[in-house]
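Colleague: 3D, please:
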Amino acid sequence: MVQVGKFEKETIRTFICFDASPKIKNHIRILQDNARAFGENVKWTQPENIHLTLKFLGDMHKKQIGAIAEQMEQVVQANKPFRLIISKTGAFPDFNNPAVLWMGPEKHGKGLKQLIEQLEDALAPLGFEKDKRELVPHLTLARLWQKASKTTESFKNLVFDPMPLSCRNVVLMQSILHPSGVVYKPLKVVRLGDR
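Modeller: Residues are numbered from 1 along each chain as shown. You can find the predicted model right below:
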């Protein structure tokens, strides 16, 4: 029993991401506040937690942080900074049967794809399985546990000014579950092109 508890304390939940800018987070906060007026059962992402995931690592032992950070540093520093334009809304799996509402770029250049592929290759030897899903870069705004037709329709037809997301700092982030919600803690920040 003691060993299980001890192991749990040594295990953390992590992912690698680009953090969204304060401007984007504030814009999303306003959109969320407007959509809350529909009164539907929607779990909104806290604006301060908005990010673009590059690689979800899941539960791992704290002892792995050093090796992950080292691989991440090598990959990130060898790539150049770039910019994404957040210009559209979407839903997973789709707007007809939405479980997740998101915003993302209409197009993404080879910079993002190359960075993610290199991270996947670098982390695979550490035991992290490669993600074989199609790349759909996005910022998660909400999760829908029940039908929320008004909220979904409003996001499907949402018109907004495109927002630039500067992709310069890659963050190894810890996800900590508190009774009040999820809190993210940066474990390592690496700047693109720092070589």
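Colleague: could I get the average pLDDT for the helix or strand that Ile24 is a member of?
Modeller: Assigned by DSSP states H and E, Ile24 falls within helix 22-36. In this model, helix 22-36 carries a mean pLDDT of 95.
Colleague: do stretch 69-83 as well
Modeller: The average pLDDT for stretch 69-83 rounds to 96.
Colleague: before we move on, back to that, mean confidence score for the very next helix or strand once past the helix holding Ile24?
Modeller: Sequence-wise, the next helix or strand downstream of helix 22-36 (DSSP H and E) is strand 42-44. Strand 42-44 carries an average pLDDT of 94.
Colleague: strands paired with strand 42-44, and their directions?
Modeller: strand 139-144 (antiparallel) (DSSP bridges).
Colleague: the partner strand: how far from the chain's middle?
Modeller: On the basis of C-alpha atoms, centre = their mean, to the nearest Å, strand 139-144 sits 10 Å off its chain's mean C-alpha point.
Colleague: right, and the helix or strand after that strand?
Modeller: Next along from strand 139-144, by DSSP H and E: helix 149-156.
Colleague: each with direction, which strands does whichever helix or strand comes after that following helix pair with?
Modeller: Sequence-wise, the next helix or strand downstream of helix 149-156 (DSSP H and E) is strand 163-167. Each strand that pairs with strand 163-167, with its direction, by DSSP bridges: strand 82-92 (antiparallel).
Colleague: next, the buried residues of the strand it pairs with.
Modeller: For strand 82-92, burial by neighbour count (16 or more other C-beta atoms under 10 Å) applies to Phe82, Leu84, Ile86, Thr89, Gly90, Ala91. To be clear about C-beta, it is placed using only N, CA and C from the backbone, and glycine gets the same treatment.
Colleague: for the closest residue to Lys150 other than its chain neighbours, the count of nearby residues, please.
Modeller: Leaving out its chain neighbours, the residue that sits closest to Lys150 by C-beta to C-beta, 6 or more residues apart in numbering is Phe38, at 4.2 Å. Per other C-beta atoms under 10 Å, the neighbour tally for Phe38 reads 14.
Colleague: one step back: just checking, what packs against the helix holding Ile24?
Modeller: When contacts are defined as 3 or more C-beta pairs under 8 Å, 6 or more residues apart in numbering; DSSP states H and E, helix 22-36 packs onto strand 42-44, strand 139-144, helix 149-156, strand 163-167.
Colleague: lovely, talk soon.
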